[in-house]
Structure formats: C-alpha cells, structure tokens
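Visitor: fold the following.
(one chain, ligands or ions: 2)
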Amino acid sequence: MVATKYISRPIPTISLASFPTRLPEITAQLTAAAEHEGFFSIIDHGIPTTQIEAMFAASAAFFALPDAIKATVPFSPAHNAGWEQNAQVRASTGQPDCKESYQMQFGANMAGRWLPDDQLPGFRDTSIAFMHAVQRVSEQLMVCLARGLGFADDFFVRAHDVTQSDSQSVARLLHYFEMPAATDGKEYHRAGAHTDWGFLTLLFQRAGQNGLEICPGRDASTAHGHGDVWTKVEPDPKSNTIICNIGDLLMSWSDDRFKSTFHRVKTPSEDGDCFGERYSIAYFNQPCKSVNIQGPGKKYPELTGEQFTKNAMEKNYRALLAARQERETA
Ligand SMILES: O=C(O)CCC(=O)C(=O)O
Ligand SMILES: [Fe+2]
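Guide: Ligands and ions are numbered 1, 2, ... in the order given. This is a model prediction of the structure:
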C-alpha cells in the first residue's frame, strides 16, 4: 500500500460568540475562509453538547435497527431523502462507499420517509429539534456570507427557508462500517473524494473517529479529479466544534469567489487511522426549489433551486459513466 502524502494546512477556527455585536468581524473571517480554504471550524455556536450527543445516540439507535425495518424508508434519489446502504457510488472511485446513511428533510420530500414513532420512540422529535438548531447556526453563517458577497443580509436565509414545503435542506446521518485491519487485497472507500454539491455543509464528528481529509486547490469544474496531497481534519475532543465547508452551489452563486473543496473520508490503511465504526452527521443547506440563483457578477446563467439540484445529480451521473468507461477501456 502506497503511503498517503500529507501536508499541514491551517483550517481557520471562527467563534460565533456575541454574534450580533461581532457581526463585521465574523463576516470578515468567514469571507476570508470561504475564499481561501473553503473549510473552517465553527465554535461557540450555541448548540449544547448534550443535544449533539442526543442526536448521535438517536442515530446509533436508528442504524441498530434491522435492515428490513430501515428498508421501509428507502432512499429516493428524486427526493434526496431516506435510508441507503453500500449504495452511494463516487465518480472518483467508481465503487460504493462502505457506509449506510439516512437523510432527513423538513418539507414534502420527507413524506412517508419517517419511521413510525413506536419503532423508534422520540427519534423524529430529537431529529427535527436538532435540525432546527443546526439551521439556526447555518442562518448566522448565511447572513455573513451574503454580506461578504454584497447581497442583503437575509438573502440566503430567505432562499433556504426550511418552513417552505419545497425546502430541500438535508440532515444526513452517517454510519461507516468497521474495516478490515489486515488487507484482503481489495480496495475499500468510506467516502470517496468529492465536493459537496449544495450551498454549505455543517459536519458533526466524534472524537477518536478520524478519517475526514481535504484536498483544496482543485477547481469544482474538474469536479471528480483526484488530488493526492491531503490534510487531516481531526475532530477536536475538547471543543464542541462544527466543521463547515462551501459546496458547489455557493461556489457558483459567488461567481467562483468562494471555494468548494475536495474532501473524502479516508479508507483506513495506516497507523493512526480509525478502522472501527465511524458515525458522523452532515447538514447540507440546499435552496428551496423555487429560488432563483445567480451570482452578483452574473458569471453563470440564472437557474432555479430545482434546476440546480437536478443538474448536480445529472453531472454526478455523467461523471460516473465517464469514469466507468475510462476504467473499462484502460
Ligand atoms: O463523514 C464525514 O466526516 C464526511 C461526510 C461527507 O463528506 C459527505 O457525506 O458529504
Ligand atoms: Fe462531503
């Protein structure tokens, strides 16, 4: 196995303490992080550790259910919600990620995709409360990002209004399976290298369950290329941190000023890698379907939120087909 090439890159840590009075300072910090690294840590965000722990406990309880029960709320690509297992194929690897995930939304896309409460008591209430808490933090970040781009303060907040029935924002619970410590000659992927296609992702990780790595400096238009010099983003056991990254949507909405950065969850293969089970939670801010999207400099044609999501899905699918053909003819 070839040793992974690593380089140390600083990932800015930004405090949201005293948000209203520190708004100009936080805006400057966030804008700089969005322009350069595309990844940053948020602290002092106001979500209590107990609430995050309760969501991780609910997630573990969900994934502990028999597959036959989870399969009653299957993932629907058309709705981007539900449960799937060993199914998400990344163009960068051509193989399914070794994981299961359950995606939850606020609006109509979630109809029929919640388990009945007697199957998992309290799960839906815990999840919805957590999602609203993460949405509140997201909205603070959106105010700063809108200011940074010269839009009105509430511009992105209104575009991502989770009280609308066509809301598309997603909380994805993730469970990566234990991986073999001794290689059996096969190549495994936890989450193959990718950019997120949404607006902004907020990620919750658990101390001791490492694996997230970033590879900045690639253009989103080469979206499925491989970078080969990585930087570990380790969960900090001492602070109640949220890792955030810019997605392809915000990159195009900012006329490419803000960067959507390549990242992956590494296949454990070296000393210090977590081979055990890994749980994480990603909250993907997505625009409502009816929203019009165009950057301040009009670099790209105007699209609706619905078209953007559809295009992103199709682009991913085309890249998958192209990568498969390339592998087959190689
Ligand atoms: O599990 C993680 O730490 C990252 C997950 C991720 O990048 C994704 O689901 O898009
Ligand atoms: Fe991601």
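
Visitor: and the helix or strand where residue 35 lies, what does it pack onto?
Guide: Assigning secondary structure by DSSP states H and E places residue 35 in helix 19-36. Judged by 3 or more CB pairs under 8 Å, 6 or more residues apart in numbering; DSSP states H and E, helix 19-36 is in contact with strand 13-15, strand 39-43, helix 123-149. Using the backbone N, CA and C atoms, a C-beta is placed for each residue, glycine as well.

Visitor: the closest residue to ligand 1 within the chain: neighbour count?
Guide: Distance from ligand 1 to each residue of the chain (CB to the nearest ligand atom) is smallest for residue 280, at 3.5 Å. For residue 280, the neighbour count with other CB atoms under 10 Å is 25.

Visitor: does stretch 205-219 reach ligand 1?
Guide: Yes: with CB under 6 Å from any ligand atom as the criterion, ligand 1 is reached by stretch 205-219 at 205, 212.

Visitor: what sits up against that stretch?
Guide: 9, 11, 37-39, 56, 176, 190, 193, 203, 225, 227-237, 243, 245, 259, 261-266, 268, 272-274, 276-280 (CB atoms under 8 Å, 6 or more residues apart in numbering).

Visitor: centre of the chain to it, how far?
Guide: Relative to the chain's own centre, stretch 205-219 is displaced by 11 Å; criterion: CA atoms, centre = their mean, to the nearest Å.

Visitor: what's the closest non-adjacent residue to residue 89?
Guide: residue 96 (5.1 Å; CB to CB, 6 or more residues apart in numbering).

Visitor: returning to that earlier point: quick one: the helix or strand hosting the residue of the chain closest to ligand 1 to helix 123-149, angle?
Guide: For residue 280, the element it lies in under DSSP H and E is strand 278-285. Angle of strand 278-285 versus helix 123-149, following axes from the mean of the first three to the mean of the last three CA atoms, to 10 degrees, is 50 degrees.

Visitor: next, residue 184: phi, psi?
Guide: Backbone geometry at residue 184, expressed as degrees, to the nearest 10, gives phi -110, psi 20.

Visitor: neighbours around it, how many?
Guide: By other CB under 10 Å, the residues close to residue 184 number 6.

Visitor: where in the stretch 1-150 of the chain is pLDDT low?
Guide: In the prediction, the stretch 1-150 of the chain carries residues with pLDDT under 70 at positions 1.

Visitor: coming back round to it: out of the contacts of stretch 205-219, which end up buried?
Guide: In these, burial by neighbour count holds for 9, 11, 37-39, 56, 176, 190, 193, 203, 227, 230-235, 243, 245, 259, 261-266, 268, 273-274, 278-280, counting by 16 or more other CB atoms under 10 Å.

Visitor: near ligand 1, which residues of the chain?
Guide: Counting by CB under 6 Å from any ligand atom, the chain sits next to ligand 1 at 172, 174, 191, 196, 203, 205, 212, 263, 265, 280, 282.
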